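1. Show me how the following folds:
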Amino acid sequence: MFKSVLLPIDLNQESSWDRALPAAEQIARDYGAKLTIMSVLPTFGLPAVSQYFPEGFEKKAETAAGEVLKKFVQEKCTNPDQIKTHLSHGTIYDEILQYADKIGCDVIVMGSHRPALQDYLLGPNAARVVRHAKQSVFVVRPN
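-> Numbering: from 1, shown residues only. Here you go, the predicted model:
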């Protein structure tokens, strides 16, 4: 049923992966699917904002985040050599949706957190992915 699983994570937010990572690994194991773990560096917004960062900052940030993602996989995953990683830069939910389509994944596994407002059931990025993804989305709730 599933040949490719995508797990988007926020490397700085444990709730984005603490329960979703085991679920994604289990789905991949059960179906013999490939697992890809991705992270997205958000944009700085307006070009006027980026002028306050030193030259080359964006490239250095991408390189550092890529290394952190690789280290995360080595330390947290049960079969790190079988997991592909991908780092994107842009609007989080857009990057997740575009990459899911690009790799032809069958299911996106996402951790969810509850924002401060009690009206929301999902965080804003998870909600947008659920609404707009062409793939099935498996949302893992925190404890």
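2. By mean pLDDT, which helix or strand of this structure comes out lowest?
-> helix 47-50 (a mean of 62; mean pLDDT, DSSP states H and E).
3. Longest helix of the protein, counting residues only.
-> helix 57-76 (DSSP state H).
4. For it, buried residues please.
-> Within helix 57-76, the residues that count as buried by 16 or more other C-beta atoms under 10 Å are Ala65, Leu69, Phe72, Val73, Lys76. Using the backbone N, CA and C atoms, a C-beta is placed for each residue, glycine as well.
5. surely the first one meets His86?
-> Yep, that's Ala65 we're talking about. No - with contact defined as C-beta atoms under 8 Å, Ala65 and His86 do not form a contacting pair (11.3 Å).
6. re earlier: tell me which of the buried residues of helix 57-76 is nearest to Leu21?
-> The shortest approach to Leu21 among the buried residues of helix 57-76 belongs to Lys76, at 6.2 Å (C-beta to C-beta).
7. returning to that earlier point: farthest pair within the buried residues of helix 57-76?
-> Maximum distance among those (C-beta to C-beta): 15.6 Å, for Ala65 and Lys76.
8. how far away is Ala23 from Ser136?
-> With the distance defined as C-beta to C-beta, to the nearest Å, Ala23 ends up 13 Å from Ser136.
9. Show me which of these two is the more surrounded one.
-> Ala23 (18 against 13; other C-beta atoms under 10 Å).
10. Which phi and psi values does that one adopt?
-> Main-chain dihedrals, Ala23, degrees, to the nearest 10: phi -70, psi -40.
11. And it, what's its pLDDT?
-> If you check Ala23, the pLDDT there is 97.
12. now it, nearest residue through space, not along the chain?
-> Val140 (5.0 Å; C-beta to C-beta, 6 or more residues apart in numbering).
13. doesn't Ile108 make contact with the one you found?
-> No - the pair Val140 / Ile108 is not scored as a contact, 11.1 Å apart, by C-beta under 8 Å.
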